[in-house]
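J.: after the sequence you'll find the predicted model.
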Amino acid sequence: METPIQREIRRSCEREESLRRSRGLSPGRAGAELIELRVRPVLNRPGPGPPLPRALERARAGAKMQRDIEREAHRQVALASPAAPEPSARRRPQPLDELKRFFETAAEDGGGLQRRPEAGGWLHPAVQDGCPVLGQSPPLVSPSLLEQEVRQVRERERELQLQRRSVYGAAEVGEPAPSLTPSRGDGKLAVIWPPRRRASENGLEK
């Protein structure tokens, strides 16, 4: 089958011969000057080198498997051994609940954070660390008024629980009742929603 290049060469040779004949020139030797080029096909190219011996392939596969096994063993040992703590790691800050209990205990005792411990006594860890926040004076709210208010609220809760037990029996004993707790930092009581039902709503009004 004639390729496009061969067709173009043939047409150019025909045009040249017709031009020579029209001008009375001797025909050229263009057709004799064509050379046939033999192209080596791709399939005749030499392939890759001879395959490696089977023993060498097995040795390579065994070495790779050994490296994988050693790497996995090191990883398992690293996971099993506890990580050593860094020397520069900071101490974890005190949780808010612990700080709150510390303030309440100090307020009930009537003493501040600046008092010295007695013989054989101890200081709070936060005070030992020299925390600037805990080293300050207690809040300005009067602890006696706060204690009285909390005590009154607890007494009312206890009375309401007794009334519920007398009306509904022991079905509602295990249910946790919401309460008013001094959970805010400004000394005010935080109201927990929904509000507690009155005695008249529970059917106690006679």
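T.: Yep, it's here. Numbers count the residues shown, from 1 in each chain.
J.: how about His74, what does it touch?
T.: By C-beta atoms under 8 Å, 6 or more residues apart in numbering, the contact list for His74 is empty. C-betas here are computed from N, CA, C, even on glycine.
J.: look up how far Gly24 lies from it.
T.: Computed as C-beta to C-beta, to the nearest Å, the His74 to Gly24 distance reads 94 Å.
J.: helix, strand, or coil at Ser26?
T.: Three-state call for Ser26 (DSSP: H, G, I helix; E, B strand; the rest coil): coil.
J.: would you check that it makes contact with Glu17?
T.: No: with contact defined as C-beta atoms under 8 Å, Ser26 does not reach Glu17; the gap is 10.7 Å.
J.: checking Leu37 next. Helix, strand or coil?
T.: Under three-state DSSP, the three-state class of Leu37 is coil.
J.: next one: it from Arg11, what distance?
T.: Following C-beta to C-beta, the distance that separates Leu37 from Arg11 is 19 Å.
J.: those two: which has the busier surroundings?
T.: Arg11 (10 against 4; other C-beta atoms under 10 Å).
J.: tell me the pLDDT at that one?
T.: The score at Arg11 is 93. That number is its pLDDT.
J.: try the one 4 residues further on
T.: Predicted confidence (pLDDT) for Arg15: 91.
J.: the one 5 residues further on now?
T.: In this model, Arg20 is scored at 86, pLDDT.
J.: which is the next helix or strand following the helix or strand hosting it?
T.: Assigning secondary structure by DSSP states H and E places Arg20 in helix 4-23. Remark: after helix 4-23, the chain's next helix or strand is helix 54-80, criterion DSSP H and E.
J.: next SSE after that next one?
T.: Moving toward the C-terminus from helix 54-80, the next helix or strand (DSSP H and E) is helix 96-109.
J.: packing partners for that next one?
T.: helix 143-168 (3 or more C-beta pairs under 8 Å, 6 or more residues apart in numbering; DSSP states H and E).
J.: just checking, what packs against the helix it packs on?
T.: Applying 3+ C-beta pairs under 8 Å, 6+ apart, we find helix 143-168 packed against helix 96-109.
J.: next, the angle helix 143-168 makes with the helix it packs on.
T.: Inter-element angle recorded for helix 96-109 and helix 143-168: 110 degrees (by axes from the mean of the first three to the mean of the last three C-alpha atoms, to 10 degrees).
J.: for helix 96-109, list the C-alpha coordinates in CSV.
T.: What follows is helix 96-109, C-alpha atoms only, in CSV (Å, rounded to 0.1, in the frame of the first residue of the first chain):
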residue,chain,number,x,y,z
LEU,A,96,-12.3,23.8,87.5
ASP,A,97,-14.1,21.5,89.9
GLU,A,98,-11.0,21.0,92.0
LEU,A,99,-10.4,24.7,92.2
LYS,A,100,-14.1,25.3,93.1
ARG,A,101,-13.9,22.8,95.9
PHE,A,102,-10.7,24.4,97.2
PHE,A,103,-12.3,27.8,97.3
GLU,A,104,-15.4,26.5,99.1
THR,A,105,-13.2,24.7,101.7
ALA,A,106,-11.2,27.8,102.3
ALA,A,107,-14.3,29.9,102.7
GLU,A,108,-15.9,27.4,105.2
ASP,A,109,-12.7,27.3,107.3
